[in-house]
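Engineer: got a predicted model here, sequence first, then my questions.
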Amino acid sequence: MVQRLVNDEQFTALMDFLSHAIILVDSQAQVVSVNKAAEGLFNLTNDSVVGKRVTEIGVISPLVEVLATCDPLELRREHHGDKILMANHLPLYQDNALVGAVSSYVDVTAEDQLEQRLIRLQGAGKVLDAILENSNDGIWVLDGSGKVLMVSKSWEAFTGIKREELLGRSVYDVVKEGHISDSAALHVMRECEKNSTIYQTRTGKRLLDTSVPVFDKFGNIWRIISNVRDVTELEEVKSKLEKAEGNARRIEKELRLLRKLEFEKDELMVVQSEVMRDIVDQTTHIARTDVPVLLLGESGVGKSVLARLIHTYSQRAEGPFIRFNCGTLPEDLVEAELFGKKSKIGVFELANKGTLFLDEISELPILLQNKVLQAINSQVVERTDGTVVGDLNVRVIAATNKDLEAKIKQKEFNKDFYYTLNTISILVPPLRKRQEDITPLANHFLQFFNKKYKMAKIFAPGAISVMNYYDWPENVRELKQVIERSIVTIPGRIIRGKHLPIQRDIENGTQQELPLLDRARQDVERKLINEALKRFGSSYKAARALGVTQPTIVRKAKKYNIKWDNQKQ
């Protein structure tokens, strides 16, 4: 039957007329005929394949399977080379007997590519919708004539105009009706290039509008994309700073400072309270000068952070910042550390072209105070071996939590040295005097230690209340330690008021100092050194027993007021 059909001229003409590609085989899977569409689709000829098994003609065909199972395979999506085909494979019967099979193919490559492109466009549309809904900047898209096509949620908030009122309208009308005083899009349409303009909305906001043209292949404006940013608050701050400074670099730095100042990876100066804002403002103004500065305030208030701030915002920011604690070394070693010894460079020289921060200046031996004063005034130092080093350029910042004027009266502090350091003094208030800073500081330390210890703990409202009620006798340092200990020791995710060790002091009405980690460590250190000196009677032997250096034992013994027969050393 199949062979008879092939020999029929009308049947052959009909096969060639069809747009579907047809491959016809007999019951032995030998090709009987292929039409013109199949020849073109599979790059073969009827004469070259007739009589061959279908598996030998270079076309992946399931007709052998169809003949074996007598089951049709319909509407199959098949890949033939770089083409995507929709195929049907059917068995052929005559008088209920299987006489052959036929495959029909339609090339849907173009339609598939179109579908994939449509999917990509739909995905891009979803991304664009997400951008318009979630961008902090206002975004609106116009066509080449200025008609509004898309508007973001933020643009609505900036202008107070609902997007439904804008879509399809001309930007000319939006400006003419006074909703906005100008638009960068208007300038783009006139000048055919990117434009940035600051204009005012009816709600009183000042917006920075940057509009960019998108051209079609003929060079005409096809779309205008406008990005709008609220600069109202920024301009107010900038105006104040311009009056005070008149310096673009200072303006940029102080604008960053008024938001949040981060000087080291784990130290933050919070400027939430008015008193700290005033101090930061004063500090950034004096930072550009080279006069000595004296930082005053209780222990733990952040004097060292303020010293770092002065250095950061000075002309010496690219130079070294050297911190030297005047109370950590015995008197006989302080001079060598400050001014150097033989070939060893002292911290004064290390701070050349930078800043030397003398912390706990009240602990500097009075005999050395005059030598430091001379070094500040002359910018020349003399090492302990007599070597003189000159032509230095060092700015000195000092800090103390002691009453230096009282120490002057007690003959424990050099008066001239005091007045040199006190050219400019800044008193940093204790944390209890600036309670507005407690909550933002606590949240900062929570975030920092969560990241450090890979946790995700949060404060309950009660914990914030407890922290704001407490006096914080050790100031920011104590707050930091309390939060670190709470994150490490509290098993749950939520830090509640009852978990904080300061809660006990509040409930008892004592608000005594906390047994913090540093204090506990110092208690153990004091006991060990005292016991070692009593047992061995010599600082050298005690040092060997405790695994530290002899100067460390001497310094710590002085710090903890431990008495022993130092004649034995």
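Structural biologist: Happy to help now that I have it. Numbers count the residues shown, from 1 in each chain.
Engineer: on the three-state scheme, Leu24 is what?
Structural biologist: strand (DSSP: H, G, I helix; E, B strand; the rest coil).
Engineer: residue contacts, it?
Structural biologist: 2, 6, 15, 31-34, 100-102 (CB atoms under 8 Å, 6 or more residues apart in numbering). Yep, even glycine has a C-beta here, placed from its N, CA and C like the rest.
Engineer: how about those residues, which pair is most distant?
Structural biologist: The largest distance within these, taken as CB to CB, falls between Met15 and Ala101 and amounts to 15.1 Å.
Engineer: quick one: least confident helix or strand in the protein?
Structural biologist: strand 261-264 (a mean of 40; mean pLDDT, DSSP states H and E).
Engineer: helices of the stretch 151-300 of the chain, residue ranges please.
Structural biologist: With DSSP state H, counting those that start in this stretch as the criterion, the stretch 151-300 of the chain has helices at 153-159, 163-166, 171-176, 184-191, 232-244, 248-259, 274-286.
Engineer: host element of the closest residue to Leu446 other than its chain neighbours?
Structural biologist: Among residues not flanking Leu446 along the chain, Ile483 sits closest, at 5.8 Å (CB to CB, 6 or more residues apart in numbering). Element membership of Ile483, judged by DSSP states H and E, is helix 475-489.
Engineer: could you do Ala398 as well?
Structural biologist: Counting by DSSP H and E, Ala398 is part of strand 395-400.
Engineer: who are the packing partners of that strand?
Structural biologist: The contact analysis (3 or more CB pairs under 8 Å, 6 or more residues apart in numbering; DSSP states H and E) places strand 395-400 against strand 293-296, helix 303-312, strand 355-359.
Engineer: rerun that using 6 Å as the cut-off
Structural biologist: strand 293-296, strand 355-359 (3 or more CB pairs under 6 Å, 6 or more residues apart in numbering; DSSP states H and E).
Engineer: I'd like the next helix or strand past the last one.
Structural biologist: Tracing the chain past strand 355-359, the next element assigned as helix or strand by DSSP H and E is helix 366-378.
Engineer: and that next one, which residues are buried?
Structural biologist: Neighbour-count burial for helix 366-378, counted by 16 or more other CB atoms under 10 Å, picks out 368-369, 371-373, 375-376.
Engineer: can I get those residues in TSV with pLDDT?
Structural biologist: Output for the buried residues of helix 366-378, formatted as TSV (pLDDT from 0 to 100):
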residue	pLDDT
Leu368	89
Gln369	91
Lys371	91
Val372	91
Leu373	92
Ala375	91
Ile376	91
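Engineer: now those residues as JSON lines including distance to Gly138?
Structural biologist: Formatted as JSON lines, the buried residues of helix 366-378 follow (distance: CB to CB, whole Å):
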{"residue": "Leu368", "distance to Gly138": "61"}
{"residue": "Gln369", "distance to Gly138": "60"}
{"residue": "Lys371", "distance to Gly138": "62"}
{"residue": "Val372", "distance to Gly138": "57"}
{"residue": "Leu373", "distance to Gly138": "59"}
{"residue": "Ala375", "distance to Gly138": "57"}
{"residue": "Ile376", "distance to Gly138": "54"}
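Engineer: I'd like the distance between Glu412 and Thr400.
Structural biologist: Distance of Glu412 to Thr400, given as CB to CB, to the nearest Å: 12 Å.
Engineer: also Gly300?
Structural biologist: The gap separating Gly300 from Thr400 is 13 Å, by CB to CB.
Engineer: who has more neighbours, those two?
Structural biologist: Using other CB atoms under 10 Å as the criterion, Gly300 and Thr400 rank with Thr400 on top: 24 against 20.
Engineer: tell me the bridge partners for the more buried one.
Structural biologist: The partner list for Thr400 in beta bridges (DSSP bridges) reads Leu296.
Engineer: and Val394, what is it in contact with?
Structural biologist: Contact analysis of Val394 by CB atoms under 6 Å, 6 or more residues apart in numbering lists 351-352, 356.
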